[in-house]
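Q: what would the 3D arrangement of this be:
(6 chains)
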Protein chains: 6
Amino acid sequence: MPTNTKTLYQNYIVEEFRIQKEPFYIPVSDEIEIFEAAYKSKIPILFKGPTGVGKTRFVEYMSYKLGVNLTKINKTNKTKSKNDDSTGIPFITIACHEDLTASDLVGRYLLKGNETEWIDGPLTRAVKSGGICYLDEIVEARKDTTVLIHPLTDHRRILPIDKKGELLEASEGFLLVLSYNPGYQSALKDLKHSTRQRFVSIEFNPPPVDIEAEIIHHESGLDKATSMQLARLGEKIRNLKDQGLAEGASVRLLIYAGKLISSGINARRACEVAINWSTTDDLTLQQSINEIISALFP
Amino acid sequence: MPTNTKTLYQNYIVEEFRIQKEPFYIPVSDEIEIFEAAYKSKIPILFKGPTGVGKTRFVEYMSYKLGVNLTKINKTNKTKSKNDDSTGIPFITIACHEDLTASDLVGRYLLKGNETEWIDGPLTRAVKSGGICYLDEIVEARKDTTVLIHPLTDHRRILPIDKKGELLEASEGFLLVLSYNPGYQSALKDLKHSTRQRFVSIEFNPPPVDIEAEIIHHESGLDKATSMQLARLGEKIRNLKDQGLAEGASVRLLIYAGKLISSGINARRACEVAINWSTTDDLTLQQSINEIISALFP
Amino acid sequence: MPTNTKTLYQNYIVEEFRIQKEPFYIPVSDEIEIFEAAYKSKIPILFKGPTGVGKTRFVEYMSYKLGVNLTKINKTNKTKSKNDDSTGIPFITIACHEDLTASDLVGRYLLKGNETEWIDGPLTRAVKSGGICYLDEIVEARKDTTVLIHPLTDHRRILPIDKKGELLEASEGFLLVLSYNPGYQSALKDLKHSTRQRFVSIEFNPPPVDIEAEIIHHESGLDKATSMQLARLGEKIRNLKDQGLAEGASVRLLIYAGKLISSGINARRACEVAINWSTTDDLTLQQSINEIISALFP
Amino acid sequence: MPTNTKTLYQNYIVEEFRIQKEPFYIPVSDEIEIFEAAYKSKIPILFKGPTGVGKTRFVEYMSYKLGVNLTKINKTNKTKSKNDDSTGIPFITIACHEDLTASDLVGRYLLKGNETEWIDGPLTRAVKSGGICYLDEIVEARKDTTVLIHPLTDHRRILPIDKKGELLEASEGFLLVLSYNPGYQSALKDLKHSTRQRFVSIEFNPPPVDIEAEIIHHESGLDKATSMQLARLGEKIRNLKDQGLAEGASVRLLIYAGKLISSGINARRACEVAINWSTTDDLTLQQSINEIISALFP
Amino acid sequence: MPTNTKTLYQNYIVEEFRIQKEPFYIPVSDEIEIFEAAYKSKIPILFKGPTGVGKTRFVEYMSYKLGVNLTKINKTNKTKSKNDDSTGIPFITIACHEDLTASDLVGRYLLKGNETEWIDGPLTRAVKSGGICYLDEIVEARKDTTVLIHPLTDHRRILPIDKKGELLEASEGFLLVLSYNPGYQSALKDLKHSTRQRFVSIEFNPPPVDIEAEIIHHESGLDKATSMQLARLGEKIRNLKDQGLAEGASVRLLIYAGKLISSGINARRACEVAINWSTTDDLTLQQSINEIISALFP
Amino acid sequence: MPTNTKTLYQNYIVEEFRIQKEPFYIPVSDEIEIFEAAYKSKIPILFKGPTGVGKTRFVEYMSYKLGVNLTKINKTNKTKSKNDDSTGIPFITIACHEDLTASDLVGRYLLKGNETEWIDGPLTRAVKSGGICYLDEIVEARKDTTVLIHPLTDHRRILPIDKKGELLEASEGFLLVLSYNPGYQSALKDLKHSTRQRFVSIEFNPPPVDIEAEIIHHESGLDKATSMQLARLGEKIRNLKDQGLAEGASVRLLIYAGKLISSGINARRACEVAINWSTTDDLTLQQSINEIISALFP
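A: Next up is the predicted model:
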């Protein structure tokens, strides 16, 4: 197997995908420790949880943090490094969907003048650069995509590039992270055991009210008291699941409401357009949510 | 991430998509304020409502209005601007359908002489030009299209161009607006929560009779009295929904009838061909509508 | 938007699609007036009705008539015109089916030597030439085709050519005409309200017996008396719908029988092969039709 | 419309498809007269009937016969003609199936050196050469194929070549003939009325025993007596339909048996391998057929 | 039709597909005589029967035998022949499957330098070379493949090459042989009557115990006594069909067991891995088969 | 058939796929002897068994062991060999999935400058190099893939390369190995008898507790006592299948837990994220597994 191709590609082309600024993230449990331990042992990670609880934000945060750690180590070791400034390790997100082909991930040949030229896909770039590759909503992917990651997630850590007849060994720092919403799954779209048993799993839930309020305040610029009211609204709407609400209002929608209120829109109207109508089309549920809004913003 | 590509593309190629003349639009509620507040906060917007209530007209109006506002600000600031004349900000509409691919939106390589040349798709042009991109009837789109807009509609505001291995950061004024008809949705074609919870929602309903009459009068050139009769006809037909009418007559059909009457066609006959037969194939419903027509145009 | 491209394309390439000779057409109702009024107001038209009642013939007739009217106006105005001879306006028919792609309508790039060359599709040619584009059996079309005509059928009157990144404004005389057979529609294949509410609708029914006899006589060269018998046969077969006949014999089949009789085939045998066997495979219905034939041609 | 392209293509390229030798055909009814009358009036023809009753043989016979008639006329008129020898008019068969595309019929562009070159498909060649185009088992065709023949089968007699933007007018002698097995049709695969009402229909049934015996004798070289026994066997097997036999033994299988017997295979064994096993997999029906064989060939 | 192309292609390119060595085959019935008679009369042949009973071996044997016969005739006639050594006639096998296109069989254009070059598919090569073309498991083929063979299997014996606009007449010795497993067929995948009634049918069943033992002995090198025990095992397992076994153990699996035993693996263990586990996943049936194994190999 | 192409390709291009270091593998039964006997007799092998029981590891181990054996033989025979160092025979893994085409396996033409160049697929490379080709999860493959291996797995041992019109005879050491999980199969995705009866079958089950503990200890670096606890945990979770657990925890997940514990994560938490959440989404089953974890790690 090729072992000297690693150095060649390591710091190449994906520089721009490094996160430059620390993302705002408040840990809820020991998720940072689990992530760091798995990363150290090269164990791929699966995020389980509903929409809008901060899975993407967390993996961005970790890719930044792991890069900063690395810089510190390099400085301590007095090694000269290109990454003297604090930046994350390479970070590549791929939103999965039914039409994403293996070629979209791995790369393809393009006609350039009289020659066909090979263009690496995002997964190949991540594998070469030694960064984190985040496959968002993996169950939406086609089966060929899912199968493609198998040799990357066992002891082999290789990516077969069939079209070039190559086996690419993953760089040192490479890790695959997947996200998955168990609430969505149907019989047709489930994660096969031969796939899911290649990952440790971190479960995500909506943050507690006080943390959510702090996030709303930080992200929307709204005052702390009203932010807390919005966080309470979010919590109460999530309790409507028993009445048939498919999914509660995400932190994102609460932040939207906060921003509209900051822009001068009346609080009840802001909650209506940003939260109520964006959460459900059901008239009865809209009525229930409106009552909660009226109670919290009299 | 690339930050200096913005200036490069900002006023490039999409000039022709700016609306030159103020579209005729009569606001029904506070939709203009909500839209402006969301636009200022870079919150994507979802339009919910039935066919023909003026959603497309409204987004055209807003793209014109936002451009004029901008020109005024530039003038006040005495900055030299290419847009001295009042024109809208760039505006790009995409009608979604099952066969619209991600490449249709983002762009593709074309063979030109001996080289492949990249051609930006409409979404990429909108993202570069800092205008409004309007995805009409989003639930008709394929899943890969829907997923494509996710990173454009959260804090990242980026468009990944997989085929070029690029991440494109949205220009300052860019906003995504979607339309969606909740009455149409089936289990198969619904907007996923991971998509809809990225938008504030503005609901649209048919305008009140007096506003609708004014629109008919303005658009068809028909006299005000007959326009009011057509508006009343529209309102009465919408009430037939309880008798099984799938969708009432849109403002557009009422305007068509107005135009035919202006052209000299008998009012009852004009209502028959422009409204009744275009609204339903059901013989019983056609009979009911004919009776309403006869009552209003004796 | 581009406004000076109109003159450029107006009399270009589609000359050959102009109908040179007045088609034989006998009006049944005020369909000519409705069509002319809608054409004048640029309102798209939907033809509703069963197979073989003359929808295609009527739109051919109108495209001829509108061209002749235009020539007269030009002569009156003493303008020099390329169309001094009486010919129709440009007329382009497109038979819709499941595999008709948007590219088939709009155009595509073809490799020509070392360059890719753009070839306009039939819809684009119609839009440029300012003629009538007739989409036959629109419900058979794929959704992307249906959606494509939306911006052509509202106040915008534009055709987006995604692959070229262009918006093409329709020429002055352009009009879209669709045909649609409500009897055929299933739940799967129906015209969406967002599509049908963009058209005024003209309903077509089989012509009355005397008009049908005149058509048969004119088209087949058969004597008037036998033509009347064939027209009566057509009327009686249509009454068999209550006995389960899916669709009656079209005018076309009656003309076929007329031609076979003119060629010397026995009248009853001609009706059998041209009408009975071409209308149904059901043995009982064939028996019923045979009895009607025997009664009319003893 | 182009009128002078006819002469250009008339005797071009399809020479090789002319049938050189009179096919063996025994008429059962007035099918030859009907065919000639329809051909003269340019009325397309639909053959209805089960497998193996001689539909293909009949259309081959007619294409030969029409060519010979034409030669005679030319000789009588003392015109110099390329077809001095007796040969058929051009004859092109297309076996329809689900994967036959419109391009397969009409033609396509092929890359040849640095240019794309247009290659006519079989339907285009037939339309140009003025011969018979036989679409075998039309209901197996995809919808785009079916729709393609509509403008060829009404008063227009044109073939739109979308990819070239051309309308091709059919040459003088062109006729479309379709075959169709009503026994096969399911709800999914039926001939639409808008298609079938463009044809006169000739029904085919298995020939009477004496004609079938003559055919077997002629085609297999078997003596007349044994040929009659095989014809009787065919008739008796067809009567098994009431016992669940999907389709009886075709004339072709009877001829096969005749050939095997002529080659020295025992008559009962020849009937078993050529007729019984090729007609059904059902053990009970095989038993019944074996009993009939034993009775006829003791 | 082209008649002089035959000589041109006859001994071209497919030389390598001739079988050089007489395949080991023991006839069970008169299958050799039937095959030779059908081949002489150019009647296509259908093999009916389950997996692993020797259908492929038989057609290989016949293609060898027919070639040797031909060589003998040539020698007797003192004609100089390229095939002085005994070899089979050309023999081409095609395993049918759902994704096998007509182009895979007939050929396709390939870009070679600046020209597109036509490459014959395997069926075209067989048609040109005058050999046997064996379509294995024909019901797995797509409909376009099945339809393609129709003109090759009636009196025409032609292969239409649509993409080149050619009709290729089959060479003298060409014959089409199909295989088909009636036990497999479902309603969806059945051989249409219009296809199957073009063939004589030879039925295959597992050979009698003594012949099977001889085959096992010959192929695996195992002693005769143990080979007989394996043949008995095969027979007994086939009787388990009444207990739900989908398909018995094929001769091939019995030979595998023989080889493993020859390699020193214990007989019961060899039967377990080569026969029992390869025949079924059902635990109860595995138990039954194990008992039979234990009884025969105590 | 081509026989001299073997030497040409034998040691070409696939060198990199030889395993360099002996994989860690503890045999459970006589699987090594069966594999060696089948390999010697050129009998293809099917692995049956659930996820994560070491099928891939075993075939890697065998490909290494067979290579070392070969080196020893060469040394004994004093032949000069390129493989003086101990390395495996060529080993190529292909993960099957629905979108893997025959071309992906066999090879394809690529445009290179002005010429199309043939690139061997992985199966072709394995066939040429005489190594082991491992098709993982064969039932996921498309039918054309499955059929492709038939001529490679009977007495012919050939790979037809249709696109090049070649038959490639397998090199001496080539063997096909398939894996298959009988627990997964549905009616839709089953291994056809015509495929499975071409293989001897080796069944795999989870290893006994003491062997599993040794594996966990070796792979994770965890102490032997805790490794034994994890092995017991694995055994107990597998017993939950009766309560509805689709698949037990694989050895891989137990090793993950071991690694996390070695990294300092609390044992119960490590089992939760690595084993419990990765095995099931069912809350009740998660509760049961948590109780087992608490009992084993108090």
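Q: return the helix or strand in chain A with minimum mean pLDDT.
A: Of all the helices and strands that make up chain A, helix A:5-9 has the lowest average by mean pLDDT, DSSP states H and E, namely a mean of 30.
Q: and the next element down the chain from that helix?
A: Going down the chain from helix A:5-9, the next helix or strand is helix A:31-40, by DSSP states H and E.
Q: burial count for residue A:120?
A: When neighbours are counted by other C-beta atoms under 10 Å in any protein chain shown, residue A:120 registers 22. C-beta coordinates here come from the backbone N, C-alpha and C atoms, glycine included.
Q: got a list of what the nearest residue to it once chain neighbours are set aside touches?
A: Distances taken as C-beta to C-beta, 6 or more residues apart in numbering or on different chains put residue A:107 closest to residue A:120, at 4.5 Å, once the chain neighbours are dropped. The contact partners of residue A:107, by C-beta atoms under 8 Å, 6 or more residues apart in numbering or on different chains, come to A:118-121, A:124, A:161, A:163.
Q: what do you get if the cut-off is 7 Å, keeping everything else the same?
A: By C-beta atoms under 7 Å, 6 or more residues apart in numbering or on different chains, the residues touching residue A:107 are A:118-121, A:124, A:161.
Q: can you give me the helices in chain A?
A: For chain A, applying DSSP state H gives helices covering A:5-9, A:31-40, A:55-76, A:102-106, A:122-129, A:143-148, A:193-196, A:209-220, A:224-238, A:251-262, A:267-271, A:277-279, A:283-296.
Q: what separates the last one from the chain centre, distance-wise?
A: Taking the mean of its C-alpha atoms, helix A:283-296 sits 31 Å from the chain's own mean (C-alpha atoms, centre = their mean, to the nearest Å).
Q: quick check: residue A:87 vs residue A:70, distance?
A: To residue A:70, residue A:87 is 10 Å away according to C-beta to C-beta, to the nearest Å.
Q: who has more neighbours, these two?
A: Comparing residue A:87 with residue A:70 by other C-beta under 10 Å, the one with more neighbours is residue A:87, at 20 against 17.
Q: so how far is residue A:129 from the residue of the stretch 151-298 of chain A found nearest chain D?
A: When scored by C-beta to the nearest C-beta, the stretch 151-298 of chain A has residue A:163 as its residue closest to chain D, at 22.4 Å. Distance, residue A:163 to residue A:129, by C-beta to C-beta: 20 Å.
Q: low-confidence stretches in chain A?
A: By pLDDT under 70, the low-scoring segments of chain A are A:1-16, A:74-86, A:99, A:111-116, A:143-144, A:165, A:183-189.
Q: which residues of it lie near chain B?
A: A:16-17, A:51-52, A:93, A:95, A:97-100, A:104, A:110-114, A:119-120, A:122, A:125, A:140, A:246-247, A:250, A:252-253, A:256, A:259-260, A:263-265, A:273-274, A:277-278, A:281 (C-beta under 7 Å from any C-beta of the partner chain).
Q: just the helices of chain A: most buried one?
A: With neighbours taken as mean count of other C-beta atoms under 10 Å in any protein chain shown, these reach their highest mean count in helix A:251-262, at a mean of 26.
Q: which other helices and strands contact that one?
A: helix A:209-220, helix A:224-238, helix A:267-271 (3 or more C-beta pairs under 7 Å, 6 or more residues apart in numbering or on different chains; DSSP states H and E).
Q: can you list contacts of stretch A:94-102?
A: Residues outside stretch A:94-102 that contact it (C-beta under 7 Å, 6+ apart) are A:105, A:122, A:133-138, A:140-142, A:144-145, A:148, B:142-144, B:147, B:150-151.
Q: pipe the helices of chain A into a markdown table and attach distance to residue F:292 per row.
A: Formatted as a markdown table, the helices of chain A follow (distance: least, C-beta to C-beta, whole Å):
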| stretch | distance to residue F:292 |
| --- | --- |
| helix A:5-9 | 41 |
| helix A:31-40 | 21 |
| helix A:55-76 | 28 |
| helix A:102-106 | 38 |
| helix A:122-129 | 37 |
| helix A:143-148 | 29 |
| helix A:193-196 | 19 |
| helix A:209-220 | 32 |
| helix A:224-238 | 31 |
| helix A:251-262 | 35 |
| helix A:267-271 | 45 |
| helix A:277-279 | 39 |
| helix A:283-296 | 40 |
